[in-house]
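S.K.: Sharing a model that was predicted from the sequence below.
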Amino acid sequence: MKENKFKIWLVISVLLIATMACSFVGIVEQIEPGETIDELVEEPNENDEVDQVTSPIVVANDILLQDVLVDLYESVSPGVVSIQVYAGVGSGIGSGFVIDEEGHIVTNYHVVQRAEEVEVHFPSGLKVYGEVIGEDLDSDLAVIKVDVDPEYLYPLPLADSDQVRVGQTVVAIGNPFGLSGTMTVGIVSARGRTLESIRQTETGAFFSAGDLIQTDATINPGNSGGPLLNLNGEVVGINRALQTGGITQTGGPINTGIGFAISSNILQLVLPTLKAGESYNYPYLGLSSLPSLTLTQAEFLELTQATGAYIVDLVPGGPSDQAGLQAGDRPTPIAGLFAGGDLIIAVDDVEVLEFSELLSYMLLNKQPGEEMIISVLRDGEALEFAVILGERPTN
């Protein structure tokens, strides 16, 4: 009976552990392909005796994370390229990936910015010159065209980045410090982050880039433009930047383990336009907001809640100004913080807890000329405004 109970316990354990096998690296016994759990368990014997359980858990080798990562790298790395850029002021390196069999390569705009000559190096050893045909300073994306036989091109599929979840395992592949084909592993640390755009406003400030994915997968100089992939080998983001914590004694950046990638859904929005050699027009509200609110700020602003996007400035004559939205104008004990502005709490009935959520919603769901309903709190009163979105102005 002991052995009988042990085997039943073993079957249950295998079924439970199989759902979490990507978190385990040890293995004692392998389940062969095509072999079922039931085939591995003998019929119970009434005379079996129970022994003390001391054997390690059995985990199927074909679902271990290490094997998934090996297969992933072998399948997608042929589609990841290294990019060498030459300009009058010097040279630079970056990464990119093949997006189709027509020879289009996706990378960051800042990789090819001011490039006079671009080389694309494939893992196979093939090296060709490329032409930058599309640039988007708002999202920091660019498209390079290469003249290569389709048999040498391995396009990477794009995932729906809205389905990405915090905690999900992701992989970055690229050319950090010129070390081509480097793979690092991490998780999705957060979604919906914002960074400054590369494009400036008429006043010299920078527009905001939204819907970025934060990851702790190691990203270093040279990784820019390379893919951030899920375990299905689909691109969920394009690696853009890392947050540094100062510089080393040799002058290099100190990597904090915080990296940012442009979401694949932003890429899918702008890609057709960039491939056509045109500029993508982003929707424009014409306002500035606090990224988030503290309880102290909410108190000084006389707000009834500390969530939402608080308007600190409006572009005169811009879409939000024309719709009747209001920025703060009454001084508070906090320098530079003015009370009396509208607190945006929802857009199109979608709740807004902070500015990044408003920005991501607008970028992914709206086009210039479309209407967006903005719900605000003004002096404690709930109001709604219909804003006709404009186009981001160019300098």
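M.R.: Received, thanks. Numbers count the residues shown, from 1 in each chain.
S.K.: And the longest strand seen in the chain, what does it pack against?
M.R.: Counting by DSSP state E, the longest strand found in the chain is strand 182-200. Judged by 3 or more C-beta pairs under 8 Å, 6 or more residues apart in numbering; DSSP states H and E, strand 182-200 is in contact with helix 65-76, strand 169-174, strand 206-215, strand 235-247, strand 253-263, helix 355-365. Yep, even glycine has a C-beta here, placed from its N, CA and C like the rest.
S.K.: so which of those comes closest to Tyr86?
M.R.: Nearest to Tyr86 among the helices and strands packed on strand 182-200 is strand 169-174 (19.3 Å), distances taken as C-beta to C-beta.
S.K.: Which residue ranges make up each domain of the chain?
M.R.: Per automatic domain parsing, the domain ranges recorded for the chain read 2-63, 74-152, 161-268, 283-391.
S.K.: Of all these, which one is nearest Ala276?
M.R.: domain 74-152 (7.4 Å).
S.K.: ok, how many other residues are close to the closest residue to Glu302 other than its chain neighbours?
M.R.: Excluding its sequence neighbours, the residue lying closest to Glu302 (C-beta to C-beta, 6 or more residues apart in numbering) is Ala339, at 5.7 Å. Using other C-beta atoms under 10 Å, the number of residues around Ala339 comes to 17.
S.K.: Kindly report the same for Tyr109.
M.R.: Number of residues near Tyr109 (other C-beta under 10 Å) recorded here: 23.
S.K.: Likewise for Pro291?
M.R.: Pro291: 12 neighbours (other C-beta under 10 Å).
S.K.: so where do the helices sit in this protein?
M.R.: 2-18, 37-40, 65-76, 109-112, 264-275, 295-300, 319-323, 355-365 (DSSP state H).
S.K.: I'd like those laid out as JSON lines, including mean pLDDT.
M.R.: Converted to JSON lines, the helices of the chain look like this (pLDDT from 0 to 100):
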{"stretch": "helix 2-18", "mean pLDDT": "39"}
{"stretch": "helix 37-40", "mean pLDDT": "38"}
{"stretch": "helix 65-76", "mean pLDDT": "93"}
{"stretch": "helix 109-112", "mean pLDDT": "96"}
{"stretch": "helix 264-275", "mean pLDDT": "97"}
{"stretch": "helix 295-300", "mean pLDDT": "96"}
{"stretch": "helix 319-323", "mean pLDDT": "97"}
{"stretch": "helix 355-365", "mean pLDDT": "96"}
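S.K.: Distance to Ser289 for these - can I get that in TSV?
M.R.: Shown next, in TSV, are the helices of the chain (distance: least, C-beta to C-beta, whole Å):
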stretch	distance to Ser289
helix 2-18	47
helix 37-40	55
helix 65-76	38
helix 109-112	25
helix 264-275	20
helix 295-300	12
helix 319-323	10
helix 355-365	4
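S.K.: give the contact list for Ser288.
M.R.: Contact analysis of Ser288 by C-beta atoms under 8 Å, 6 or more residues apart in numbering lists Ala205, Ile311, Val312, Asp313, Leu314.
S.K.: Identify the residue spatially nearest to Pro78, adjacent ones excluded.
M.R.: Using C-beta to C-beta, 6+ apart, the closest residue to Pro78 is Tyr154 (4.1 Å).
S.K.: Count the residues that sit near the closest residue to Gln200 other than its chain neighbours.
M.R.: Nearest in space to Gln200, with sequence neighbours left out and distances taken as C-beta to C-beta, 6+ apart, is Phe206 at 5.5 Å. The local packing of Phe206 (other C-beta under 10 Å) involves 14 other residues.
S.K.: Quick one: residues contacting Phe206.
M.R.: Counting by C-beta under 8 Å, 6+ apart, Phe206 touches Glu196, Ser197, Ile198, Arg199, Gln200.
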